[in-house]
Each structure stands twice: as C-alpha cells, then as structure tokens.
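Novice: Sequence and computational prediction follow.
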Amino acid sequence: MNTRYSFLLAPLFGLILFSLLSVARLESAEGPGRSGAALYKEYCSVCHGDVGGGDGFAAKYLDPRPRDFRSGVYKIRSTPSLPTDEDITRTITKGIPGTLMPAFEFEKDLKEVEIKTLVAYVKSFSDAFDSETPEPISFPKPPSKTEELLAMGEKLYVDAGCGACHGSSGKGDGPSAKTLQDTWGYSISPYDFTIPGRMKGGSTVGDIYRALYVGIGGTPMPAYGETYTEEQNWGLAYYALSLSDSDEDSDDWGDDDDDWGDESSETVEGDSNIGKDLVMGVKPFENGGPPCIGCHSVMGIGASGGGPWGPDLTIAHQKFKEYGLETILETIPFPTMGPLFHPRRITDEERGHIVAFLKSTESAEVQIASVKASSFYTQTIIAGILGVILLTFIGLIAGKKNMELK
Ligand code: HEC
Ligand code: HEC
Ligand code: HEC
C-alpha cells in the first residue's frame with residue numbers, strides 16, 4: 001500500500017469510530033429502557049417497600065396501606081383470582097382513586113415498555129403467578145338505564161344485605177362498617193356511594209358490575225359471581241351509581257384537601273435554619289407531612305435511609321429559582337410526592353423557610369450542575385471529535401515514521 005496516503009486513513013477511522021459511538025448511544029437511549037429493579041426502586045419502593053412487602057418509608061403515612069405484593073392478593077381484577085397484566089397496567093396508569101396510589105401516566109411519567117417491565121417485576125414478588133395464568137372473564141355490555149332496572153336494584157340492595165356494610169342510604173355507614181378488616185389486618189371502610197367517581201376499580205356501571213362479580217380482593221366486599229342474574233347485577237350497579245346523584249367527574253384527590261394550591265402565594269420571608277430543620281425532619285410539619293430527607297438528599301446528607309428516591313435538592317434552587325420552588329411546594333406536581341403532601345399541605349410559612357434553606361445550599365454545589373447539564377449528545381460529539389483528532393495525530397506520526405524508514 002502506498003504509505004504516502006496512509007495518514008489520510010486516520011481521519012476516516014476517526015469518523016467511523018465516531019458514528020459507531022453515536023449509534024451505540026442512540027440505541028441505548030431508545031432501547032428497552034431501565035430495568036424493572038431500577039424503575040421499581042425509583043418509583044414504587046418508597047411506598048411498596050424494597051422487596052414488595054408494602055412497608056416502604058412512606059407506608060406508615062398511608063391509609064389504606066400500600067399493597068404487599070408478596071401476598072398475591074389484588075383488589076382490582078377482571079378475574080376471580082389473580083389480576084391480568086392489563087389489570088395491573090390499569091392500576092399503574094390510572095392510580096387508585098381515593099387512595100395514595102398515584103397514576104403514572106403513559107409517556108408522560110413512564111414509557112410504555114417501562115410500565116410493561118414494572119408489571120412483570122411487581123408480579124415476580126409473589127409465586128402465585130408461577131402456577132397460574134389468569135384469564136379475564138368477558139363481561140356483557142351494559143344495557144341502558146331504565147326505571148325498572150333501578151327499582152329492581154333498589155329492592156335487591158336491601159334483600160342482598162349491601163346495607164349491612166354500605167348503610168341503608170349508601171353512605172358506607174352500615175352496622176358492620178366499623179368492624180371490617182382486610183386480609184392484611186387493617187380496618188377498611190365500605191365505599192360511600194354518595195361520593196361520585198371515587199371507586200377503586202373505576203366508577204362506570206360496567207366497573208361496578210365487575211366489582212360485584214369478582215369482589216374486591218383482600219377485603220370483606222363479597223364476590224357475588226353468579227348469585228344474581230345478569231339483569232339483577234345491572235340493577236344493583238345502576239342503583240349504586242344513582243346514590244351519588246351527580247354526573248360530575250371529580251378530581252383524583254380527597255374532599256378534605258380541596259383547598260390545596262388555591263390560596264394566594266404570598267412570599268413569606270423564610271428562615272433558612274427553620275427550613276433546614278423541616279427538610280431534615282428535626283422539626284415536624286404542621287400538617288404531618290413526611291420529612292423531605294426521607295426521600296431526598298441535600299448537600300451530601302441523606303443518612304438514615306435518606307435520599308434514594310428523589311433528586312438531590314442541593315441545586316434545586318438553581319434549577320427552579322424561587323418562584324419555581326414556591327410553585328412546586330404549593331402544588332406538588334410530582335406523582336410520588338403529591339399524594340403524600342396534597343392531604344397534608346405544607347403551610348405558607350413552612351414553604352418560605354424551606355425555600356430560604358434551599359436558596360442557601362446552592363452556592364456550594366455549582367459545579368455539579370454544570371457537569372450534569374451537558375447532555376449525552378454533547379458528550380458523544382465531544383468524544384467523537386477527540387477521537388478524530390487523536391487518530392489523525394496517530395496517523396500523521398505513523399505516516400511520517402513510514403516515510404522516514406524509506
Ligand atoms: C405514594 C405511595 C405509592 C406509590 C409511590 C406507589 N403506590 Fe402502588 N399502591 C399504593 C397504595 C396505598 C395502594 C393500595 C390501595 C388500596 O388498597 O386501596 C397501592 C396499590 C398498588 C397495587 C395493587 C392494586 C390492586 O389491585 O390491589 C399495584 C399493582 C401497585 N400499587 C403498583 C404500584 C407500582 C408499580 C408503583 C410504582 C410505579 C406504585 N404502585 C407506586 C401506594 C403507592
Ligand atoms: C361485608 C361487607 C360488605 C357487603 C355485604 C357489601 N360490600 Fe361492597 N364493599 C365493602 C368494602 C369493605 C368495600 C371497600 C373495599 C376497598 O375500599 O378496598 C366495598 C366496596 C364496594 C364497591 C366499590 C368498588 C370499587 O371499585 O371501589 C361497590 C360498587 C360495592 N362495594 C357494592 C356493593 C353492593 C352492590 C353490595 C350488595 C350486593 C355490597 N357491596 C355488599 C364491603 C361490603
Ligand atoms: C415520598 C418521597 C418524597 C418526599 C417525602 C419528598 N419528596 Fe420531593 N420528590 C420526590 C421524588 C420521587 C421526586 C422526583 C419527581 C417524581 O418523580 O415524583 C421529587 C422531586 C422534588 C423536587 C424537584 C427536584 C428536581 O430536581 O426535579 C423538589 C424541589 C422536591 N422534590 C422538594 C421536596 C421537599 C422540599 C420535600 C419536603 C417538604 C420533599 N420534596 C419531600 C420524592 C419525595
């Protein structure tokens with residue numbers, strides 16, 4: 001080969017290397033996504049526990065408790081026993097109304113493949129799924145609502161004894177209501193039919209039909225199966241729906257917290273020392289919210305169980321500025337934090353203190369931010385360019401050596 005041109009090959013190799021690098025990186029960005037274990041740790045373990053025991057850091061703040069996945073007992077199913085993958089997917093993407101199980105929206109919070117991975121991961125905590133592949137029951141389409149159906153439902157509601165738990169007027173205050181316990185030993189209230197749109201498995205007439213047929217797993221709500229005719233089941237379902245007497249769609253959060261977020265956001269001059277105590281869990285929140293350090297780390301502190309779930313807060317002020325932080329803490333728009341803080345509002349004063357504290361941590365850690373800011377595309381391009389330069393040099397030197405040898 002003509003050595004005079006050999007140095008020209010170097011940039012060529014550099015280019016090839018560069019494109020290979022880019023392809024590998026792009027593939028890893030679009031590929032199967034994060035592992036089930038990583039996703040679970042980031043989004044679920046804070047409530048459901050590291051090994052699915054329903055005993056994560058936040059569990060003690062929740063009622064009802066997060067599911068213990070080891071039990072293989074599920075509330076929301078389209079089968080008489082175990083949920084199908086679609087059932088679990090539905091729970092993850094829609095959440096469980098009236099409880100603190102958040103909705104992780106497709107594409108917004110998690111990719112479709114990631115949700116699929118999570119479903120498999122959650123199932124792996126219980127060996128119940130090893131021996132059985134759940135088959136969904138196919139339920140009939142709802143008939144239209146008629147006076148006769150409603151009247152039949154009303155009568156059956158009494159005859160079937162729904163009132164013993166749900167109360168004669170459906171307010172969830174029947175004579176046995178106070179004594180009911182779930183499979184996991186916690187007390188559980190029958191649904192209050194006068195509240196619209198808050199049923200766990202969905203609040204359409206079809207959803208109620210399904211709940212009547214297969215029950216609510218792990219709770220005293222019976223599975224009526226074939227006890228009643230199809231028509232009778234529809235009657236009961238329509239009657240139960242009619243008790244809320246409202247077609248309004250309600251929001252996902254409880255009645256008691258309707259006040260969150262709509263108060264005027266006056267900026268209160270905060271005290272960063274108090275803010276620090278609040279964040280670190282030294283001083284409890286007035287409304288009982290969990291300490292931030294349980295999930296976040298800040299300035300490298302995250303000692304006893306701190307830190308693994310939320311992003312490090314050291315540079316939060318730099319990222320969001322004062323107004324951004326105020327808004328975040330007022331509305332808590334995140335799926336993991338929101339359900340814990342919406343019913344336990346951070347007060348205006350507390351918010352001011354926390355923001356003051358986060359403002360004071362920022363100067364320490366400016367470098368971290370700038371390193372993280374460079375996206376991997378930038379890194380790829382830099383790596384590629386460096387590769388080209390390096391190989392060009394090697395090529396030039398090699399070429400020169402060759403010529404000298406001649
Ligand atoms: C803020 C706390 C919280 C987080 C975070 C959370 N869950 Fe839950 N989850 C709950 C609670 C509470 C329940 C039980 C509600 C009930 O029993 O009515 C639950 C129940 C469930 C159920 C059981 C549904 C059934 O039919 O019984 C599944 C499945 C589930 N969660 C999956 C997940 C997955 C997957 C994640 C992470 C992507 C997650 N959860 C994150 C609180 C949480
Ligand atoms: C032994 C007590 C008991 C009886 C009897 C009972 N239920 Fe329930 N029911 C419950 C409990 C407890 C829940 C709440 C379960 C939960 O929140 O996890 C419930 C929940 C429900 C729900 C809400 C489902 C959802 O997705 O959230 C409907 C609908 C319902 N019951 C209908 C009925 C009807 C109709 C009858 C009579 C045919 C009936 N129940 C009889 C205890 C009972
Ligand atoms: C139950 C765990 C948990 C608790 C408690 C919690 N957070 Fe979070 N926080 C998270 C998670 C997880 C995220 C990431 C967004 C998401 O997926 O929900 C987050 C995000 C944030 C963000 C945005 C950070 C960023 O870089 O994107 C801020 C700011 C924040 N939290 C502040 C706080 C403060 C202040 C407190 C205490 C009042 C607190 N958090 C309590 C879990 C928690």
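Specialist: Nice, I can see it. Because the structure is a prediction, the values reported are computed rather than measured. Ligands and ions are numbered 1, 2, ... in the order given.
Novice: Okay, now the unreliable bits of the stretch 101-250 of the chain?
Specialist: The model of the stretch 101-250 of the chain has pLDDT under 70 over residues 246-250.
Novice: Could you rerun that using 80?
Specialist: Across the stretch 101-250 of the chain, the ranges flagged by pLDDT under 80 are 245-250.
Novice: tell me the contacts of Gly167?
Specialist: Taking C-beta atoms under 8 Å, 6 or more residues apart in numbering, we find Gly167 in contact with 173-174, 177, 190. Heads up, the C-betas are built off the backbone N, CA and C, glycines and all.
Novice: Closest one to ligand 3 out of these, please.
Specialist: Set against ligand 3, the nearest of those by C-beta to the nearest ligand atom is Pro190 (28.7 Å).
Novice: how about the residues of the protein near ligand 2?
Specialist: Residues of the chain lying close to ligand 2 (C-beta under 6 Å from any ligand atom) are 75, 160-162, 164-166, 176, 180, 188, 190-191, 199-201, 208, 211-212, 216, 219-222, 236, 240.
Novice: Show me which of the contacts of Gly167 is closest to ligand 1.
Specialist: Nearest to ligand 1 among the contacts of Gly167, with distances taken as C-beta to the nearest ligand atom, is Pro190, at 12.7 Å.
Novice: and that closest one, helix, strand or coil?
Specialist: coil (DSSP: H, G, I helix; E, B strand; the rest coil).
Novice: ok, it - contacts?
Specialist: By C-beta under 8 Å, 6+ apart, Pro190 lies in contact with 165-167, 172, 174, 177, 180, 221.
Novice: and what of Gly98?
Specialist: For Gly98, the contact set (C-beta under 8 Å, 6+ apart) comprises 195, 198-200, 254.
Novice: JSON lines for the residues you listed, including distance to ligand 3 and neighbour count?
Specialist: JSON lines is the format used below for these (distance: C-beta to the nearest ligand atom, whole Å; neighbours: other C-beta atoms under 10 Å):
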{"residue": "Ile195", "distance to ligand 3": "26", "neighbour count": "20"}
{"residue": "Arg198", "distance to ligand 3": "23", "neighbour count": "19"}
{"residue": "Met199", "distance to ligand 3": "25", "neighbour count": "22"}
{"residue": "Lys200", "distance to ligand 3": "21", "neighbour count": "22"}
{"residue": "Gly254", "distance to ligand 3": "18", "neighbour count": "17"}
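Novice: restrict these to those near ligand 1?
Specialist: Of the residues in the contacts of Gly98, proximity to ligand 1 by C-beta under 6 Å from any ligand atom holds for Lys200.
Novice: ok, of the contacts of Gly98, which one's closest to ligand 1?
Specialist: Closest to ligand 1, out of all of those and judged by C-beta to the nearest ligand atom, is Lys200, at 5.4 Å.
Novice: circling back: between the contacts of Gly167, identify the one with the most neighbours.
Specialist: Counting neighbours by other C-beta atoms under 10 Å, the top entry in the contacts of Gly167 is Pro190, with 23 neighbours.
Novice: Next one: that one from Gly174, what distance?
Specialist: Distance, Pro190 to Gly174, using C-beta to C-beta, to the nearest Å: 7 Å.
Novice: And for Asp85?
Specialist: Separation of Asp85 from Gly174 (C-beta to C-beta) stands at 35 Å.
Novice: what does Pro136 give?
Specialist: Distance of Pro136 to Gly174, given as C-beta to C-beta: 31 Å.
Novice: cool, Ala223 as well?
Specialist: For Ala223, the distance to Gly174 - C-beta to C-beta - is 18 Å.
Novice: Please narrow the contacts of Gly98 to those residing in strands.
Specialist: Assigned to strands by DSSP state E, none of the contacts of Gly98 qualify.
Novice: Check the residue lying closest to Thr91 once chain neighbours are set aside and give its pLDDT.
Specialist: The shortest distance from Thr91 to any non-neighbouring residue, by C-beta to C-beta, 6 or more residues apart in numbering, is to Ile76 (5.5 Å). Ile76 is assigned 97 on the pLDDT scale.
Novice: And for Ile76, the neighbour number?
Specialist: Neighbour count of Ile76, defined by other C-beta under 10 Å: 22.
Novice: just checking, it touches Pro83?
Specialist: Yes. Assessed by C-beta atoms under 8 Å, Ile76 is found in contact with Pro83 at 6.6 Å.
Novice: Residues in contact with both of these two, list them for me.
Specialist: Common neighbours of Ile76 and Pro83, using C-beta under 8 Å, 6+ apart, are Thr91.
Novice: before we move on, the earlier item: of all the contacts of Pro190, which two lie farthest apart?
Specialist: Maximum pairwise distance among those (C-beta to C-beta): 13.9 Å, between Gly167 and Met221.
Novice: sorry, back to before: of the contacts of Gly167, which is the nearest to Gly52?
Specialist: Nearest to Gly52 among the contacts of Gly167, counting by C-beta to C-beta, is Pro190 at 27.2 Å.
Novice: Find the nearest non-adjacent residue to that closest one, please.
Specialist: Pro190 sits nearest to Cys165 (C-beta to C-beta, 6+ apart), 4.1 Å away.
Novice: May I have the phi/psi pair for that neighbour?
Specialist: Note on Cys165: its backbone torsions stand at phi -100, psi -50 [degrees, to the nearest 10].
Novice: Run a quick neighbour tally on it.
Specialist: That count, for Cys165 with other C-beta under 10 Å as the rule, works out to 22.
Novice: and Gly170, that one's in a strand?
Specialist: No. Going by three-state DSSP, the assignment for Gly170 is coil, not a strand.
Novice: Phi, psi for it please.
Specialist: Backbone torsions of Gly170, given as degrees, to the nearest 10, read phi 80, psi 10.
Novice: Report the contact partners of Lys171.
Specialist: The contact partners of Lys171, by C-beta under 8 Å, 6+ apart, come to 192-194.
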